[in-house]
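Make a model of this:
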Amino acid sequence: MPTKKKIIYSILIVFAVIVTSGSAYAYHLYSTAEKMVDDNHESTGRENETSKLRTEQVNPIEDNVSILFIGIDERDPFEQSRSDALILATFNKAEKSIKLLSIPRDSYMYIPEIEKFTKVNHAHAYGGPLASIETLEEFFQIPIDYYVRLNFEAFVDVVDALGGIHYDVPFQISEMDSNDKADTIKLEEGYQQINGEEALALARTRKYDSDIQRGIRQQEIITAIVSKATQLSSVLKLEDVLIAIGDNMRTNFTFQEITSFSSYMINSSINIEKINLEGTGGYLDNGGWYYQVEEQSQQEITDQLREHLGLPAIYNTNDLTDSSPIHP
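Numbers count the residues shown, from 1 in each chain. From the prediction side, this is the model:
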C-alpha cells in the first residue's frame with residue numbers, strides 16, 4: 001500500500017476509535033444519569049404532577065416552566081426538616097433565559113399546609129416539597145412546575161467533582177464545615193478558587209452581612225457552578241458529578257423532562273438574571289424575628305416571573321406606591 005494511503009487509513013482508524021470511545025462514554029453518561037433520576041424520582045402528590053395554577057400539564061420541551069430548588073441541612077434527602085435555602089428559577093424557551101430568585105429563609109409568608117403565617121422555611125418541615133411549593137405559589141401567584149431537593153453533601157461533592165469553582169470572596173471568613181465543626185473553613189477576601197466545603201460555607205453564612213446578601217451569594221455560586229459544568233474541560237468530570245449527586249437528590253422530574261433543558265446548557269449566549277426581594281427584618285408581637293417582604297417588591301417580582309413564563313401580569317406596577325410589609 002502506498003505511503004500516502006497508509007497515512008490516510010491510519011488517520012481514519014484513529015478518528016474512528018476516538019468517535020467510538022466518545023460515543024461509548026456519552027452512552028455511559030446517559031445511562032448513569034437516567035438511572036440516577038429514576039432512582040431519585042419523588043412525586044409531589046399533585047394530580048398529573050401539575051400545578052393548580054396551570055390549566056394543563058406542561059412540557060419543558062415546548063413550554064416555559066419553573067423549578068424550585070430546595071436546600072436542606074440533612075444527610076437524608078427524604079428528611080422533612082426546615083429548608084435552609086430556597087431558589088425559584090423560571091425558564092423561557094424563546095429567549096433562552098433564566099431568572100433566579102433567592103427567597104430569604106425567614107420571609108414571613110402564609111403556609112397553606114398549616115393555615116397560618118410563619119417563616120417560609122418552616123413549610124418544608126410541615127409538608128415537604130409540596131408545602132414549600134404551595135406556599136410560594138400562594139405568595140407569587142405563579143405555577144411551580146418542578147422541584148429539586150438537595151442536601152448539603154451533594155452541594156459539596158458536586159463542586160469538588162468539578163475541580164472547584166472560582167469566586168470573588170467578599171470578606172474574610174471563619175466558618176464551620178458541613179459537619180458543623182467550628183472555624184474549620186477559613187478564607188481571605190478576593191477572587192480565588194474554592195472547593196466544595198468553602199463554597200458551602202459562603203452560601204450558608206449570614207453573620208457577616210444579611211439574609212439578602214446571602215441569597216445573592218447563593219445565586220452567584222450557582223451561576224459559577226453552572227458555568228464550570230458547561231465548560232468543555234468539565235465533560236470528563238460529568239460522571240463524577242452524577243456520582244456526587246447520587247442519593248443526595250430528590251425531584252419530581254422524569255429523565256425525559258430533564259433532558260429537555262439541554263438547550264439552555266449548550267447555548268453560550270444564555271442569559272441568567274438574578275433578582276431579589278426587598279424588605280425589612282424585625283420582631284413581631286409573637287417574639288419571633290421575621291423578614292417582611294415589601295408589598296411593592298412582591299408585586300413587581302410576581303409580574304416579572306409571570307411574564308417570563310408567558311403569563312399575563314396581574315399587577316399594574318406603575319401605579320404601586322405602598323411599600324409596607326405584607327402581613328395578615
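
in what helix or strand does the residue most central in space within the chain lie?
Geometric centre of the chain, nearest residue: Phe69, 4.1 Å, by CA atoms, centre = their mean. In the assignment (DSSP states H and E), Phe69 maps to strand 65-72.

How many neighbouring residues does Thr254 have?
16 (other CB atoms under 10 Å). All C-beta atoms are positioned from the backbone trio N, CA, C, and that covers glycine.

give the contact list for it.
By CB atoms under 8 Å, 6 or more residues apart in numbering, Thr254 lies in contact with Val37, His41.

Please save the CA atoms from the strand holding Phe69 in PDB.
Output of strand 65-72 as PDB, limited to C-alpha atoms (Å, rounded to 0.1, in the frame of the first residue of the first chain):
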ATOM      1  CA  VAL A  65     -41.500  26.300  33.200                       C
ATOM      2  CA  SER A  66     -40.400  27.000  36.800                       C
ATOM      3  CA  ILE A  67     -38.300  25.000  39.200                       C
ATOM      4  CA  LEU A  68     -38.000  25.400  43.000                       C
ATOM      5  CA  PHE A  69     -34.500  24.400  44.300                       C
ATOM      6  CA  ILE A  70     -34.700  23.300  47.900                       C
ATOM      7  CA  GLY A  71     -31.500  23.000  50.000                       C
ATOM      8  CA  ILE A  72     -31.800  21.100  53.300                       C
END
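
elements contacting it?
On a contact count with 3 or more CB pairs under 8 Å, 6 or more residues apart in numbering; DSSP states H and E, strand 65-72 meets strand 83-92, helix 123-140, strand 146-151, helix 152-161.

same question for the third one, mean pLDDT?
Taken as a whole, strand 146-151 carries a mean pLDDT of 91.

Tell me how far it lies from the chain's centre.
Put simply, strand 146-151 sits 8 Å off its chain's centre (CA atoms, centre = their mean, to the nearest Å).

for the stretch 101-250 of the chain, which spans come out with low pLDDT?
For the stretch 101-250 of the chain, the stretches flagged by pLDDT under 70 are 232-235.

need the helices for it, in chain order.
Here the stretch 101-250 of the chain has its helices, by DSSP state H, counting those that start in this stretch, at 123-140, 152-161, 196-204, 211-229, 238-245.

which residues does the closest residue to Leu311 other than its chain neighbours contact?
If the residues on either side of it in the chain are set aside, Leu311 comes closest to Ile142, at 7.1 Å by CB to CB, 6 or more residues apart in numbering. Shown in contact with Ile142 (CB under 8 Å, 6+ apart): Leu53, Ser66, Thr90, Thr302, Leu305, Arg306, Leu309, Leu311.

Also Leu284?
Contact partners of Leu284, counting by CB under 8 Å, 6+ apart, are Tyr108, Tyr290.

mind checking how far it is from Asn121?
16 Å (CB to CB, to the nearest Å).

buried sites along stretch 164-183?
Buried residues in stretch 164-183, defined by neighbour count with 16 or more other CB atoms under 10 Å: Gly164, Ile165, Tyr167, Val169, Pro170, Ile173, Glu175, Met176, Asp177, Ser178.

Just put these in a markdown table and tack on distance to Arg204.
As requested, the buried residues of stretch 164-183 are exported to a markdown table (distance: CB to CB, whole Å):
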| residue | distance to Arg204 |
| --- | --- |
| Gly164 | 17 |
| Ile165 | 16 |
| Tyr167 | 14 |
| Val169 | 14 |
| Pro170 | 14 |
| Ile173 | 10 |
| Glu175 | 7 |
| Met176 | 9 |
| Asp177 | 10 |
| Ser178 | 9 |
